[in-house]
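Enquirer: here is my input; please provide its structure:
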Amino acid sequence: MRHVRNAVAAALFVVFAAPHLGAQSAAASPPAIPKLTGIWHRKGPLNGKPSAPMAPTNRALGYEKAFDNALSPTYDCVQIPIPALMNDDYDFQITQQPDRVIIRYEKMDVVRIVWLEGHGHPKPGAYDYTIQGHSIGRYEGPRLVVETTKFTPDSRGFNSNRFIPATAMKKVTETYWREGDVLKMQTVSVDPLVLKQPFRWDYEYSDRKEELTPYDCDPEDSRFGAQFHKSIYPPDN
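Expert: Residues are numbered from 1 along each chain as shown. Here you go, the predicted structure:
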């Protein structure tokens, strides 16, 4: 009789308790991380819709008008900051690690580290400003969201084809997600000193099979190209 009671109790546990334990286990499981790792080649504007033009302030337009292209840091192989770095049609690579995401660009061999939240990474100090800024990322469901601040001011702050400057107040928010074999990206840049409204730059990318091609900028060759841009001032004697 005792064996019968034990068998009945075990059956009742399976019927009533097991489903709840399964639900608790599922609830405790971390959400799936989207697979963004790969080398990506630009297809075109996100969903086929070009981004709205930039809306610079009068201060920024005055700077652009006065700036001499020959003085651009690009001619000395100084890396272009995001989001201007993304404007050029070069490929890039995403590598996902447990505590960080590494983004490598063909353009100027730029390597960015996105520090994922929740892993105890130290915050940047008061003077820790860099060309590419300090990037912190998090997964929101199927998307990777990256927020970057702490940029050094730069004359090429938003678009590699225009000299609309960026200040240390610039903040860039990027969102990446997959739809099948297509990687989609949205960027929103704000800088109250030089932009009247947020500047968006949105694209989608296809998977590329080849490795990235080294850019290998040579300062002497790069500076040679500056002579073809006329200065607003006459040449020095």
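Enquirer: only C-alpha atoms, please: export the helix or strand where M185 lies in PDB.
Expert: M185 is part of strand 182-190, with elements assigned from DSSP states H and E. Taking Å, rounded to 0.1, in the frame of the first residue of the first chain, the C-alpha atoms of strand 182-190 are listed here in PDB:
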ATOM      1  CA  VAL A 182      20.500  41.700 -43.600                       C
ATOM      2  CA  LEU A 183      22.100  43.800 -40.900                       C
ATOM      3  CA  LYS A 184      20.200  47.100 -40.200                       C
ATOM      4  CA  MET A 185      21.600  50.100 -38.400                       C
ATOM      5  CA  GLN A 186      20.200  53.400 -37.100                       C
ATOM      6  CA  THR A 187      22.300  56.200 -35.800                       C
ATOM      7  CA  VAL A 188      21.200  59.400 -34.000                       C
ATOM      8  CA  SER A 189      23.700  62.200 -33.300                       C
ATOM      9  CA  VAL A 190      23.000  65.200 -31.100                       C
END
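Enquirer: partners of that strand in the sheet?
Expert: In the sheet, strand 182-190 lines up against strand 171-179 (antiparallel), strand 199-200 (antiparallel), strand 203-207 (antiparallel) (DSSP bridges).
Enquirer: if I look at the closest residue to P214 other than its chain neighbours, what pLDDT would I see?
Expert: Sequence neighbours aside, D109 is the residue nearest to P214 in space, at 6.4 Å (criterion: CB to CB, 6 or more residues apart in numbering). Any C-beta I mention is one placed from the backbone N, CA and C, and that applies to glycine too. Note for D109: predicted pLDDT of 97.
Enquirer: got the contact list for the most centrally placed residue in the chain?
Expert: Of all residues in the chain, the one closest to the mean position by CA atoms, centre = their mean is E174, 4.9 Å from it. Residues in contact with E174 (CB atoms under 8 Å, 6 or more residues apart in numbering) are I82, L144, V145, V146, T148, M185, Q186, T187.
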